[in-house]
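Peer 1: Pasting the sequence and the predicted model now:
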Amino acid sequence: MEKLGDDEIGLVLSRVFDLNDRKSCALVCKQWLRVEGLTRSSLRVLEPKLLHKFLPRFPNLATFGAGRGITDTDLEFVAQTCPNLRVLNLNLRQTKRVLEEFDALGLDDVGDDGISAVATGCRSLAKVCLRRRRGIGNVGVITLIKSSQNLTALDLTKCEKVTDQALEAIGAATSLQVLNLQGCSLVTDWGLASLATGSSSRTLKKLVLAECDQITDVGVSLLQQMYQLEELNLAECGPKVTDVGGVAIAAIHTLERLDFSWLINISDVTLVAVAQNCCNLVEMDVTGCELITGAGIRAFSNHETLEVLVLASCYNVFGDDVEQTVVECQSLKYVGLDKGLRMWMPTVMQDNIRRFCILAWR
């Protein structure tokens, strides 16, 4: 039998999707090892200390991921070795205790220099996750935005050095569809103004601002200019977000998912506005919105698209309010209620609600 060429081996490997199977193929001989590396599109690094030894075997990677131990120097090497990256995932998935140890020992070495190097060297980046990378600030984000014209998704969750200056650059992005700023506590209304008035306001479909507790109604009200927005998360954004901002948000007719969890100054006024104006709404979470009563919930009774309604820790909402809403809102598939309400809700009422949708206690 004639020896297979690189093209034939590449064709075979293109049909092998299981990572362990690909590793087995790489053990056949040196040729298979080389071709497997050339055709590998995705890699997650578990041992960054060995990165300089094995990464050159994978020059055509489209997706690169790494957790703890990766450094700015490593990222500079990644940029030089894999210029065709489209997805960069540096999500630091660790427990709170481990993260605190990282901070104490200075183990998280990824910062602006590393991100800037990748952004400059990998111009095709489309999705970037920097979740919990606390060393990353404005310089890295700004360089990333300016260098990555095709960027569609950016996750900056818990990047605590990010400020309004970075949001000014993000606001000028022309292709960004998903932006996660959860826990970026230095973001203020000025940053929201940049997002709402820049090019990104015409492309963003998902915006997460959870735990950005310096924002107020002033900034939130500006978000109504984002006429493509489908998902908005304002959970735990503090007491300065009230019905003024809530009613303004209700003017975004494209909204499908809305999270107002723990906004203690949101009331029935906002819910009525959302129910009347957000005709495409599928999910609504008002956990911990203590001012909400049955009147606000009943506003969704005739809504035609709502499927998920979460009402945990809404102590002024009672069983009959929920029952009427569930019976009359025929699209509803799931209702999440506070577990404290369970003992006060008659079994007959619970069973009736379950006839129409899933009833969950939270």
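Peer 2: Received the coordinates, thanks. As the structure is a prediction and not an experimental result, all values here were calculated from the model. Numbering: from 1, shown residues only.
Peer 1: Any stretches of the stretch 1-150 of the chain with poor pLDDT?
Peer 2: Counting by pLDDT under 70, the stretch 1-150 of the chain has low-confidence residues at 1-39, 93-109.
Peer 1: wait, Val139 sits on Asp112?
Peer 2: Yes. Counting by C-beta atoms under 8 Å, Val139 does reach Asp112; the two are 4.1 Å apart. From N, CA and C alone the C-beta is placed, and that goes for glycine too.
Peer 1: Could you check how many residues crowd around the spatially closest residue to Asp72 that is not a sequence neighbour?
Peer 2: Spatially, and ignoring its direct neighbours in sequence, Asp72 is nearest to Gly114 (3.4 Å; C-beta to C-beta, 6 or more residues apart in numbering). Neighbour count for Gly114, taken as other C-beta atoms under 10 Å: 25.
Peer 1: And Tyr315, by the same measure?
Peer 2: 13.
Peer 1: Would you map the strands across this structure?
Peer 2: For the chain, the strands defined by DSSP state E cover 42-45, 63-66, 87-89, 127-129, 153-155, 178-180, 206-208, 231-233, 257-259, 283-285, 308-310, 334-337, 358-361.
Peer 1: on that earlier part again, so Val139 and Asp112 - more neighbours on which side?
Peer 2: Asp112 (19 against 16).
Peer 1: Identify the residue nearest that one in space, chain neighbours excluded?
Peer 2: The shortest distance from Asp112 to any non-neighbouring residue, by C-beta to C-beta, 6+ apart, is to Gly140 (3.6 Å).
Peer 1: Nearest the middle, which residue of the chain would you pick?
Peer 2: Nearest to the mean C-alpha position of the chain, by C-alpha atoms, centre = their mean, lies Asn180 at 4.8 Å.
Peer 1: quick one: pLDDT of it?
Peer 2: We have a pLDDT of 99 for Asn180.
Peer 1: cool, and Gln324?
Peer 2: Per-residue pLDDT puts Gln324 at 95.
Peer 1: State the distance from it to Leu332.
Peer 2: 11 Å (C-beta to C-beta, to the nearest Å).
Peer 1: between the two, which one's more packed in?
Peer 2: Counted by other C-beta under 10 Å, Gln324 and Leu332 do not tie: Leu332 has more neighbours, with 22 against 14.
Peer 1: And this structure, what are its domain boundaries?
Peer 2: Domain ranges of the chain: 1-39, 41-155, per the TED database.
Peer 1: Determine how far the last residue of the longest one lies from the first.
Peer 2: In this case it means domain 41-155. Domain 41-155 has its terminal residues 21 Å apart, counting by C-alpha to C-alpha, to the nearest Å.
Peer 1: Kindly reformat the strands of the chain as JSON lines containing distance to Phe318.
Peer 2: Below are these laid out as JSON lines (distance: least, C-beta to C-beta, whole Å):
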{"stretch": "strand 42-45", "distance to Phe318": "49"}
{"stretch": "strand 63-66", "distance to Phe318": "47"}
{"stretch": "strand 87-89", "distance to Phe318": "45"}
{"stretch": "strand 127-129", "distance to Phe318": "42"}
{"stretch": "strand 153-155", "distance to Phe318": "39"}
{"stretch": "strand 178-180", "distance to Phe318": "35"}
{"stretch": "strand 206-208", "distance to Phe318": "31"}
{"stretch": "strand 231-233", "distance to Phe318": "27"}
{"stretch": "strand 257-259", "distance to Phe318": "23"}
{"stretch": "strand 283-285", "distance to Phe318": "18"}
{"stretch": "strand 308-310", "distance to Phe318": "15"}
{"stretch": "strand 334-337", "distance to Phe318": "10"}
{"stretch": "strand 358-361", "distance to Phe318": "15"}
